[in-house]
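> one predicted model, sequence on top.
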Amino acid sequence: MAQDVKRFNWRAFFSLYIVISFVVIAATGIVLYVTPPGRVANWSEWTFAGLTKAQWQAIHTIFTFVFVMAAGFHVYFNWKILIAYLRNRFHTGIPRWRELALSSALVATLMAMTLGRVPPLSYVIDARETIAASWSTPLTEPPVPHAELLTLAKLGETIKMPLEKVQAKLSRAHIDAGGPDATLGEIAERHGLKPSELYAKICEGEPGAVVPIAEGSGYGQKTVRQVSDQMQIPVADVIENLRRQGIEAEPDSNVKTLAGRHGKLPIEIVRMMQGSTVS
């Protein structure tokens, strides 16, 4: 008996691991539900409990992957018990066909409702989009997605500022740029700054740096007011630009909703907000 107690029990190990890892997966899933979009998290170096969004994603991914493997081992070590249970059910004539059919139908229904954004499941998705949009401010929003990866030369092209001027402004802020091929992220890390803080020093004193309209900027999750703040255009002018092209909007109107109502893409609505004509 004492020998059995001392022997390592793999069945118990995998059972306990599955329970513990489930808690980790659930916790990281909740954190990722409320995190800002990647472009905002990277630009402002967002952290929670000392971990970046990328680190939370890595933990969630690895634990989910290993959870599936552990579940496979759990089935392996309990295979005889499972087979005996199923055989007993069939022999006693009480197979759980109704339960199987109902659970399968529930899975299919949840899948269809999720893809079709059917209430009340759509409320969960909408809440996530609202939370994501709430993180967007002129300080946390990069000029283009993943702007921290832009070199100084590319940044200058993007915001229509000569490279020499970009380097001069950094020099006046006592920041060693290191050359035109150095990225904003590298320079910011070297000087203990966030990419957003470094960019603010470059744009400091400018009447309004050009904000390019680019795919992947999360416009669909934002309101008209948030986009106008990002583009540094008065919201009244933005609403007037939309009205001229037949789109009635309010400052709190959602860009994605406007786009769907008028058969356009969110980025097309944003171009119209800036004053461009979209057919």
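Great, that's in hand.

> tell me the phi and psi of L51?
phi -110, psi 140 (degrees, to the nearest 10).

> list the beta-bridge partners for it.
When bridges are called by DSSP bridges, L51 pairs up with F48.

> state the distance from it to V118.
From L51 across to V118, the span is 34 Å (C-beta to C-beta, to the nearest Å). All C-beta spots, glycine's among them, are computed from the backbone N, C-alpha and C.

> more neighbours, these two?
Each of L51 and V118 has its neighbours counted (other C-beta atoms under 10 Å); L51 has more, 15 against 12.

> mind checking pLDDT for that one?
Note on L51: pLDDT of 97.

> contacts for stretch 40-57, please.
For stretch 40-57, contacts defined as C-beta atoms under 8 Å, 6 or more residues apart in numbering pick out 28, 31-32, 35-36, 38, 59, 135-136, 139-142, 146-148, 185, 194-196, 218.

> mind listing what's buried along the strand or helix carrying S103?
Using DSSP states H and E, S103 sits in helix 97-115. Buried residues in helix 97-115, counted by 16 or more other C-beta atoms under 10 Å: none are found.

> which helices and strands does it pack with?
Contact analysis of helix 97-115 by 3 or more C-beta pairs under 8 Å, 6 or more residues apart in numbering; DSSP states H and E lists helix 121-134 as its packing neighbours.

> can you tell me how far G29 is from L110?
Taken as C-beta to C-beta, the span from G29 to L110 is 16 Å.

> quick one: contacts for the spatially most central residue of the chain?
In the chain, the centroid-proximal residue (C-alpha atoms, centre = their mean) is P37; its distance is 3.5 Å. The neighbourhood of P37, defined by C-beta under 8 Å, 6+ apart, consists of A132, W135, S136, G218, Q221.

> go with 10 Å
P37 sits next to 43, 46, 53, 129, 132-133, 135-136, 140-141, 145, 216-218, 221 when contact means C-beta atoms under 10 Å, 6 or more residues apart in numbering.

> and those, which two are furthest apart?
For these, the farthest-apart pair by C-beta to C-beta is W43 and E129; their separation is 18.8 Å.

> those two: which is more packed in?
Comparing W43 with E129 by other C-beta under 10 Å, the one with more neighbours is W43, at 27 against 16.

> just to be sure, the more buried one is in a helix?
Yes. Assessed by DSSP: H, G, I helix; E, B strand; the rest coil, W43 belongs to a helix.

> and the pLDDT for it?
At W43, pLDDT is 92.

> show me what contacts the residue lying closest to it once chain neighbours are set aside?
Distance criterion C-beta to C-beta, 6 or more residues apart in numbering; nearest residue to W43, sequence neighbours excluded, is P142 at 4.2 Å. By C-beta under 10 Å, 6+ apart, P142 lies in contact with 39-40, 42-44, 148-150, 184, 195-196, 199, 211, 214, 217, 230.

> now, which of those residues sits nearest A12?
For these, the nearest to A12 is N42 (41.7 Å; C-beta to C-beta).

> so where's the protein shaky on pLDDT?
1-5, 89-95, 207-217, 278-279 (pLDDT under 70).

> domain map for it?
Using automatic domain parsing, the domain parsing of the chain gives 9-134, 147-203, 219-274.

> for A70, give its distance to N88.
Distance from A70 to N88, by C-beta to C-beta: 26 Å.

> which of the two has more residues huddled nearby?
Each of A70 and N88 has its neighbours counted (other C-beta under 10 Å); A70 has more, 20 against 10.

> after the strand or helix carrying that one, next one along is what?
For A70, the host element (DSSP H and E) is helix 53-77. Using DSSP H and E, the helix or strand that follows helix 53-77 in sequence is helix 79-91.

> tell me the angle that following helix makes with helix 53-77.
60 degrees (axes from the mean of the first three to the mean of the last three C-alpha atoms, to 10 degrees).

> so how far is helix 79-91 off the chain centroid?
44 Å (C-alpha atoms, centre = their mean, to the nearest Å).

> with that, I have no additional questions.
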